[in-house]
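K.L.:
just coords:
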């Protein structure tokens, strides 16, 4: 068995590149390497569609609450928030703990699956369907989210861990964002990744989010909103007062 190495232009990996666009096509061959959730196994029967049509709720608290989170939304995401006002709209929800620099790689797969499934539902049921990222920032297990493993160009994974002590069971959303730790992370990336256009772009991307983040969860949420800025992704933060009000 032989294998070949093929170079990929960095521009092909951007938001208008064929690989990125292919990720949102369930039939794209890229999903041999980037799996989606088992979307075909989910029933989209008309009975289920009608079930949800008969159950509507007041969206005012939800829409205002997500808007008041003050996360930077793209024009596409702002339009999705407005569409959430529609009493016939539905949401496809996925969730994740707010891990360092976006968390495990499968976080991308989870969000991508929600975006693709929402688009499919919207087409087949002819109603607004908005993908939602549920930020698990109420989680208290700091040791699960304070590190990342990076594939070094020298071979094998290398771990970066935040050098910080958290006393007690503090939920992640209460942890202030320490920008100096991001500086250490960028230095780490520079030490394990070759000096490519990709590395420079990543460093600039992280620094941009750094300037907009006050808390650990801010960084996590803003990162994913920016990655999916061309898609109608919204973030739900269950610790915020509006979420608790809705639960009563």
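P.N.:
Ah, there it is. Note that this is a predicted model, so its numbers are computed, not measured. Residues are numbered from 1 along each chain as shown.
K.L.:
from here on, contacts and neighbour counts on C-alpha atoms
P.N.:
OK.
K.L.:
list of residues touching the helix ranked longest in the chain?
P.N.:
As assigned by DSSP state H, the longest helix anywhere in the chain is helix 106-125. Contact with helix 106-125 is made by 23-26, 34-37, 39, 44, 46, 49, 91-96, 128-133, 231-233, as judged by CA atoms under 8 Å, 6 or more residues apart in numbering.
K.L.:
ranges for the strands of the chain?
P.N.:
For the chain, the strands defined by DSSP state E occupy 90-96, 129-135, 147-151, 157-161, 234-236.
K.L.:
what's the second one in contact with?
P.N.:
When contacts are defined by CA under 8 Å, 6+ apart, strand 129-135 is touched by residues 80, 84, 89-98, 111, 114-115, 118-119, 121-122, 217, 221, 232-238.
K.L.:
next one: the fourth one
P.N.:
With contact meaning CA under 8 Å, 6+ apart, strand 157-161 is reached by 146-152, 185, 188, 192.
K.L.:
quick revisit: can I get the strands of the chain in TSV with mean neighbour count and distance to residue 204?
P.N.:
Output for these, formatted as TSV (neighbours: other CA atoms under 10 Å; distance: least, CA to CA, whole Å):
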stretch	mean neighbour count	distance to residue 204
strand 90-96	19	24
strand 129-135	23	24
strand 147-151	16	18
strand 157-161	14	19
strand 234-236	23	23
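K.L.:
which one of those lies closest to residue 173?
P.N.:
Closest to residue 173 of those, according to CA to CA: strand 129-135, at 9.2 Å.
K.L.:
how much does that closest one deviate in direction from strand 90-96?
P.N.:
Strand 129-135 and strand 90-96 meet at an angle of 20 degrees, taking axes from the mean of the first three to the mean of the last three CA atoms, to 10 degrees as the criterion.
K.L.:
just the pLDDT for the residue nearest the centre of the chain.
P.N.:
Nearest to the mean C-alpha position of the chain, counting by CA atoms, centre = their mean, stands residue 224 at 3.7 Å. Looking at residue 224, its pLDDT reads 96.
K.L.:
residues contacting the closest residue to residue 76 other than its chain neighbours?
P.N.:
The shortest distance from residue 76 to any non-neighbouring residue, by CA to CA, 6 or more residues apart in numbering, is to residue 232 (5.5 Å). For residue 232, the contact set (CA under 8 Å, 6+ apart) comprises 76-80, 115, 130-131.
K.L.:
and the gap between the closest residue in space to residue 233 that isn't next to it in sequence and residue 112?
P.N.:
Using CA to CA, 6+ apart and skipping residues adjacent in sequence, the residue nearest residue 233 is residue 131, 5.2 Å away. The gap separating residue 131 from residue 112 is 9 Å, by CA to CA, to the nearest Å.
K.L.:
do the same with residue 45
P.N.:
23 Å.
K.L.:
next one: residue 33
P.N.:
For residue 33 relative to residue 112 (CA to CA), the value is 14 Å.
K.L.:
again, but for residue 60
P.N.:
Residue 60 is 27 Å from residue 112, where distance means CA to CA.
K.L.:
so which of those two has more stuff around it?
P.N.:
Legend: neighbour count by other CA atoms under 10 Å for residue 60 and residue 112, higher for residue 112 (23 against 12).
K.L.:
what bridges to the residue nearest to residue 233?
P.N.:
Beta bridges link residue 131 to residue 92, judged by DSSP bridges.
K.L.:
start the count at 675 instead of 1 going forward.
P.N.:
From this message on, residue numbering opens at 675, which makes the last subject residue 805.
K.L.:
pLDDT value on it, please?
P.N.:
98.
K.L.:
returning to that earlier point: dihedrals phi and psi, the residue nearest to residue 750?
P.N.:
With angles defined as degrees, to the nearest 10, residue 906 sits at phi -80, psi 50.
K.L.:
I am finished for the moment; much appreciated.
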